[in-house]
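**Q** Quick one, fold the following:
(2 chains)
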Amino acid sequence: MTATLERPQGTVEKPALRHRLAERGVDRVLLLLVPGVLFVAVLFVYPVFYGLQLSFQPKDGGGPLANYQKFFSDSYLFDTIWLTLRLALPAALINVLASIPIAYRMRGRFRGKRLLTTILVVPITLGTVLTAEGLIEYLGPVGWFNKVLLWLHLTDTPLRLVNNYWGVLFSLIITGFPFAFLLTLSYLSGIDPSLEQAAATLGADWRHRFTRITLPLLAPGLAITFCLTFVLAFSVFPSAYLVGLPQGATRVISIAAYESAFRDFDFPLGSAIAMIMAVVMLAVIGLVLAWRSTLYRGATGGKG
Amino acid sequence: MSELGAERFAELHIDHVRRAFGDHVALRDMDLTIKGGEFVALLGPSGCGKSTALNCLAGLLPLTGGAIFLDGKRIDQLPPERRGFGMVFQNYALFPHMSVRRNIGFGLSMRKVPRTERIRRVAEALRLVQLEAHAHKFPAQLSGGQQQRVAIARAIVLEPRLVLMDEPLSNLDAALRLEMRTEIRRLHQTLGLTTVYVTHDQEEALALADRLVVLREGEVQQVGSPEEVYAHPANRYVAGFMGYRNMIPVAVHAAHGDSVTVRADGLELVGANRDDLPAGHDAVAAVRPEDFSVAGADVENTIPATVEIVEYHGREQVVEARLSGGLALHVRTTSRLAPGDEVRLAVPPERVLVFAAEGSS
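**A** So this is what the prediction gives:
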């Protein structure tokens, strides 16, 4: 940490190469990056480029763009974009919006905070299959929820809440919420509580404190949270099968890619669908981040 | 200037206010009346309850007991936004996403002050703290002293009945602190805003306040004017906090009315008996370093000592001198001394305050 003032004799003229590199942040600590870079190259960069070039080599010939033409001309394939967005956008939005008040209440210290956080975060560890099983038990035609509704005479016929759009949406909310909540909580904790106290002494009631102080400072974090939960929801696959209608309302884009690649063994078409999927996700994220760039993104620690 | 004149109240009564955090009592039975226009400093080391008291006044902390009355109206159950007090936070708590102008105007827009009046009052507050040129900047673009001024402007632009300041100068460097101290006193004199000022710095409190409240472990030790607290500290603790750096453990040898003779190994002093101690009692003799003088042999109330450490302080030297019994004394003197010098330290009897020793009063 401390700089050595005396240089070794013989190198008086010019600082050693090692020192000059260190000035620019190049030193042996950089070696720690090697495993990470390798990992990303092997498991991410290579597959992406492999898939990309594969998508331009259609199985049935017809020019490099034939797979893409096929996707956009076949509504059975093309509609999956809309079907997936219809699930992923509301799911991400609901998760972010639901996490705000809960995280807001859970700032600071109070008795039982750890237990409550654990309960809120546990769905991450359950996995989609267990969640799906629970949903079928609970929301299915003979599940508790419908039994209660029938018993209270609120409905005559059981509500259909699984094996359709709603089942998948519920599943996405249950599994996505913990991520949204944890992220929002950490963004909120980064906002100096004395800012809200200052606003209070200046005459702002809680509504104004939230809309004028907390929300503007939290918004950039919410944008990131939305992007991450959206990406999770957009690549939904198991729950679309288990609690959805995989050949109908919840035929999401990952199902289309899977069927092309592993049922029809058309890997190039599967790759093309995967590429389209990535582009749609990037487009949504790009829009959200463009909005985020218009916001205040500086320090939120109070001292400015 | 008159635009920012404060809406005065007659008196704010803090009635046996108590605040506990679990088992820990941060503020114990605080009873204090603040008159309109007064500048009151709450003084004490960290953890003495002074910030707790301020937060209770602001409404940021609910009370555990007692009540607060403003001109006879109970206010301690009002939320902070309905008390109409201005507060300057230790870390300034400026809104980082708002310009200086919008920071200062925030309170006015919360109070639905019409736009034209708001613009006028913000401009006036900016002029008052000399930040007109920085109105468009964001807090992160300002220096510490400028941020401090914004925080003050934001609090006083509302013409609050009471301004609460929580160690507002503690994050500034020494030179800026002196400058802002004068600034705060000037604002107080121009606007006549009733102010409660929390600090751990006795010099700051003495310089700024009309009245000092010295706190220790949640309990008020002394309330008085700067002169009273400075010259007549109520107890050993206040004395220690007000610059009586020498706290010499002694035993009372003889007591005659207000006068008392105390002894320790290597010294005998005549002092003022502040706790009415009888002979034989354990005591502490409190003496300020600057009340000692280096004297000739035939002056009364002298202590022979050997100079050990000399610090240069410009006009004065701060000297640590050792008595034959092993006690060390701190002395501030204009005499030029060197380590090893044998000296006789003299102190007027009225400047030796004899208090009961810890745990024996």
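
**Q** May I have the phi/psi pair for the residue in the stretch 1-150 of chain B that chain A sits nearest to?
**A** Residue of the stretch 1-150 of chain B nearest chain A, by Cβ to the nearest Cβ: B:P139 (2.9 Å). In this view, the C-beta of every residue, glycine as well, is placed from N, C-alpha and C. B:P139 adopts backbone torsions of phi -50, psi -40, taken as degrees, to the nearest 10.

**Q** ok, now A:P141?
**A** Main-chain torsions, A:P141, degrees, to the nearest 10: phi -60, psi -30.

**Q** Do I have it right that it meets A:N163?
**A** No: with contact defined as Cβ atoms under 8 Å, A:P141 does not count as touching A:N163 (9.2 Å).

**Q** Which one of those two is surrounded by more residues?
**A** A:N163 (21 against 14; other Cβ atoms under 10 Å in any protein chain shown).

**Q** Can you classify that one by secondary structure?
**A** coil (DSSP: H, G, I helix; E, B strand; the rest coil).

**Q** Skipping adjacent residues, who's closest to it in space?
**A** Nearest-residue entry for A:N163: A:L245, 5.8 Å, with adjacent residues in sequence omitted and distances by Cβ to Cβ, 6 or more residues apart in numbering or on different chains.

**Q** residue contacts, that neighbour?
**A** Counting by Cβ atoms under 8 Å, 6 or more residues apart in numbering or on different chains, A:L245 touches A:N163, A:N164, A:Y165, A:R251.

**Q** Let's see the pLDDT reported for it.
**A** We have a pLDDT of 90 for A:L245.

**Q** Report the separation between B:L267 and B:L345.
**A** Using Cβ to Cβ, to the nearest Å, B:L267 is found at 9 Å from B:L345.

**Q** circling back to that earlier point, closest to B:M98 out of the contacts of A:L245?
**A** Distances from B:M98 to those, taken as Cβ to Cβ, are shortest for A:Y165 (42.7 Å).

**Q** Need the per-residue pLDDT for A:G127.
**A** 82.

**Q** Then B:A125?
**A** On the pLDDT scale, B:A125 is placed at 92.

**Q** and it, that's in a strand?
**A** No: counting by three-state DSSP, B:A125 falls outside a strand, being helix.

**Q** Quick check: it touching B:V157?
**A** Yes: judged on Cβ under 8 Å, B:A125 makes contact with B:V157 at a distance of 4.0 Å.

**Q** can you pull the contacts of residue 130?
**A** If you meant another chain, say so; for now it's chain A. No contacts exist for A:L130 under Cβ under 8 Å, 6+ apart.

**Q** meant chain B, my bad for not saying
**A** By Cβ under 8 Å, 6+ apart, the residues touching B:Q130 are B:R149.

**Q** near chain A, which residues of the stretch 51-200 of chain B?
**A** Within the stretch 51-200 of chain B, the positions near chain A by Cβ under 8 Å from any Cβ of the partner chain are B:58-60, B:79-87, B:89, B:91-97, B:106-107, B:110-111, B:138-140, B:142, B:147, B:154-155, B:158, B:164, B:171.

**Q** Could you identify the buried members of those residues?
**A** Among these, the ones that count as buried by 16 or more other Cβ atoms under 10 Å in any protein chain shown are B:58-60, B:80-81, B:83-87, B:89, B:91-97, B:106-107, B:110, B:138-139, B:142, B:147, B:154-155, B:158, B:164, B:171.

**Q** Of those residues, which belong to strands?
**A** B:F85, B:G86, B:M87, B:L164 (DSSP state E).

**Q** who touches the second one in this structure?
**A** Read it as B:G86. B:G86 makes contact with A:T201, A:L202, B:G107, B:R154, B:A155, B:I156, B:L158, B:P160, B:L162, B:V163, B:L164, B:L193 under the criterion Cβ under 8 Å, 6+ apart.

**Q** Equivalent analysis for the third one, please.
**A** By Cβ under 8 Å, 6+ apart, the contact set of B:M87 is A:Q197, A:A198, A:T201, B:L54, B:A58, B:A155, B:V163, B:L164, B:M165, B:D166.

**Q** That one pairs with what?
**A** Beta-bridge partners for B:M87, by DSSP bridges, are B:L164.

**Q** and it, what pLDDT?
**A** Per-residue pLDDT puts B:M87 at 95.

**Q** cool, and B:V299?
**A** 73.

**Q** For B:V198, grab phi and psi.
**A** With angles defined as degrees, to the nearest 10, B:V198 sits at phi -100, psi 130.

**Q** Touching, it and B:E167? I think so.
**A** Yes: assessed by Cβ under 8 Å, B:V198 is found in contact with B:E167 at 5.7 Å.

**Q** what touches both of the two?
**A** Common neighbours of B:V198 and B:E167 (Cβ under 8 Å, 6+ apart) are B:S51.

**Q** Quick check: which ranges of chain A have low pLDDT?
**A** For chain A, residues meeting the criterion pLDDT under 70 lie at A:1-13, A:301-304.

**Q** Point out the residues in it that sit beside chain B.
**A** Proximity of chain A to chain B, by Cβ under 8 Å from any Cβ, involves residues A:192, A:194-195, A:197-205, A:208, A:212-213, A:216-217, A:296, A:298-304.

**Q** Tell me the buried residues within those.
**A** Among the residues of chain A next to chain B, those buried by neighbour count (16+ other Cβ under 10 Å) are A:192, A:194-195, A:197-204, A:208, A:212-213, A:216-217, A:299-300, A:302-304.

**Q** out of the buried ones among the residues of the stretch 51-200 of chain B next to chain A, which are inside helices?
**A** Secondary structure from DSSP state H places B:A58, B:F106, B:G107, B:M110, B:Q147, B:R154, B:A155 of these in helices.

**Q** what two of those have the greatest distance between them?
**A** Between all members of these, the farthest pair (by Cβ to Cβ) comes out as B:M110 and B:Q147, at 20.8 Å.

**Q** List the buried residues in whichever strand or helix holds A:L83.
**A** Using DSSP states H and E, A:L83 sits within helix A:75-105. For helix A:75-105, burial by neighbour count (16+ other Cβ under 10 Å) applies to A:77, A:80-81, A:83-88, A:91-92, A:94-96, A:98-100, A:103.

**Q** Also stretch A:218-231?
**A** Using 16+ other Cβ under 10 Å as the test for burial, stretch A:218-231 gives A:218-231.

**Q** got the CA positions of that stretch in CSV?
**A** What follows is stretch A:218-231, C-alpha atoms only, in CSV (Å, rounded to 0.1, in the frame of the first residue of the first chain):
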residue,chain,number,x,y,z
LEU,A,218,-35.0,4.5,-6.4
ALA,A,219,-36.2,4.6,-10.1
PRO,A,220,-32.8,3.8,-11.7
GLY,A,221,-32.5,0.7,-9.4
LEU,A,222,-36.1,-0.3,-10.2
ALA,A,223,-35.2,-0.1,-13.9
ILE,A,224,-32.4,-2.6,-13.4
THR,A,225,-34.7,-4.8,-11.2
PHE,A,226,-37.3,-4.7,-14.0
CYS,A,227,-34.7,-5.8,-16.6
LEU,A,228,-33.5,-8.7,-14.5
THR,A,229,-36.9,-10.0,-13.6
PHE,A,230,-38.0,-9.5,-17.2
VAL,A,231,-35.1,-11.6,-18.5
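
**Q** Return the distance of it from the chain's centre.
**A** 8 Å (Cα atoms, centre = their mean, to the nearest Å).
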